[in-house]
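K.L.:
sharing a model prediction with you, sequence too.
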Amino acid sequence: DTGVSQDPRHKITKRGQNVTFRCDPISEHNRLYWYRQTLGQGPEFLTYFQNEAQLEKSRLLSDRFSAERPKGSFSTLEIQRTEQGDSAMYLCASSPKAPDRGQSYNEQFFGPGTRLTVL
Amino acid sequence: AQKITQTQPGMFVQEKEAVTLDCTYDTSDPSYGLFWYKQPSSGEMIFLIYQGSYDQQNATEGRYSLNFQKARKSANLVISASQLGDSAMYFCAMSRQFFGNEKLTFGTGTRLTIIP
């Protein structure tokens, strides 16, 4: 399978616990995005990596959130001291450095998401 | 800042009929891209169609077409000959177009239900 993969698919945790999610982008995609989607809403941008460099973080990403992309391959998103408001679907997407031949846009390929429930 | 507005929370359409999903946008960027994604109940986001702000013609992809009216800042999705498998959430999104950080700004979505 050459698509974007995310692990775990579901996570239930108690308030105050730390959780970590993993995203494996499509091979050779140098751009990686994290989004959060709460119930009844569209996804919201959290952070962006180009290779291993984290180039933008949304103000939605509080100090309890940290994301890494060591070696520019897979990425992790950690939430410390989880709160009930963190319950959401966390989506990862990757895109290539340049559009595919014949395209004028850079398509983002999304993973299946990690659904987090904080009790 | 970019903003996407989808005013139809839900729609019910008879199978084989055409359906139009509304999307309006707001941005100060001179160059931008507009996207439509489909999200089935399984949760994955499926890319459907793209329109660039400087594209002269409306985009088409199979049964999907994008009715782009730049002056009105609208980018409606038209699905022709709807099928039961089209039942899903549909999101309109936009991004800046400079091949750097092309983060997507999404609307709140429209839940489409196809009736047999």
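P.N.:
Thanks, I have the structure now.

K.L.:
which ones are touching the residue nearest in space to the middle of chain A?
P.N.:
Of all residues in chain A, the one closest to the mean position by C-alpha atoms, centre = their mean is residue A:34, 2.8 Å from it. With contacts taken as C-beta atoms under 8 Å, 6 or more residues apart in numbering or on different chains, residue A:34 has the following neighbours: A:23, A:45, A:46, A:47, A:48, A:67, A:75, A:77, A:90, A:91, A:92. Bear in mind the C-beta positions are built from the backbone N, C-alpha and C, glycine included.

K.L.:
one more time with 7 Å, if that's ok
P.N.:
If a contact means C-beta atoms under 7 Å, 6 or more residues apart in numbering or on different chains, then residue A:34 has A:46, A:47, A:67, A:77, A:90, A:92 as its contacts.

K.L.:
so which of the residues you listed sit within strands?
P.N.:
Per DSSP state E, strands hold the following members of the contacts of residue A:34: A:46, A:47, A:67, A:77, A:90, A:92.

K.L.:
and the fifth one, how many neighbours?
P.N.:
Other residues within reach of residue A:90 by the criterion other C-beta atoms under 10 Å in any protein chain shown amount to 23.

K.L.:
for the closest residue to it other than its chain neighbours, grab phi and psi.
P.N.:
Distances taken as C-beta to C-beta, 6 or more residues apart in numbering or on different chains put residue A:114 closest to residue A:90, at 4.7 Å, once the chain neighbours are dropped. With angles defined as degrees, to the nearest 10, residue A:114 sits at phi -120, psi 120.

K.L.:
separation between residue A:114 and residue B:81?
P.N.:
Distance check for residue A:114 against residue B:81: by C-beta to C-beta, to the nearest Å, it reads 35 Å.

K.L.:
these two - which one has more neighbours?
P.N.:
The neighbour count for residue A:114 versus residue B:81, taken as other C-beta under 10 Å, is higher for residue A:114 (23 against 11).

K.L.:
hmm, the more buried one is touching residue A:6, no?
P.N.:
Yes: with contacts defined as C-beta atoms under 7 Å, residue A:114 counts as touching residue A:6 at a distance of 5.2 Å.

K.L.:
list the residues that contact both of the two?
P.N.:
Common neighbours of residue A:114 and residue A:6, using C-beta under 7 Å, 6+ apart, are residue A:21.

K.L.:
in chain A, what residue comes closest to chain B?
P.N.:
Among the residues of chain A, residue A:42 lies nearest to chain B; the distance is 3.1 Å by C-beta to the nearest C-beta.

K.L.:
what's the neighbour count on that residue?
P.N.:
22.

K.L.:
now do the residue nearest to it when sequence neighbours are not counted against residue B:50, distance only.
P.N.:
In this structure, residue A:42 finds its nearest non-sequential neighbour in residue B:106, 3.1 Å apart by C-beta to C-beta, 6+ apart. Residue B:106 sits 14 Å away from residue B:50, taking C-beta to C-beta as the criterion.

K.L.:
on the three-state scheme, residue B:30 is what?
P.N.:
Using DSSP: H, G, I helix; E, B strand; the rest coil, the secondary structure recorded for residue B:30 is coil.

K.L.:
and the gap between it and residue A:100?
P.N.:
With distances taken as C-beta to C-beta, residue B:30 is found 24 Å from residue A:100.

K.L.:
just list the residues touching residue B:49, thanks.
P.N.:
With C-beta under 7 Å, 6+ apart, residue B:49 has these contacts: B:36, B:59, B:61, B:64, B:66, B:77.

K.L.:
tell me the bridge partners for the residue nearest to the third one when sequence neighbours are not counted.
P.N.:
Of all residues beyond its chain neighbours, the one nearest residue B:61 is residue B:49 (4.8 Å), with distances taken as C-beta to C-beta, 6+ apart. Taking DSSP bridges as the rule, residue B:49 bridges to residue B:36.
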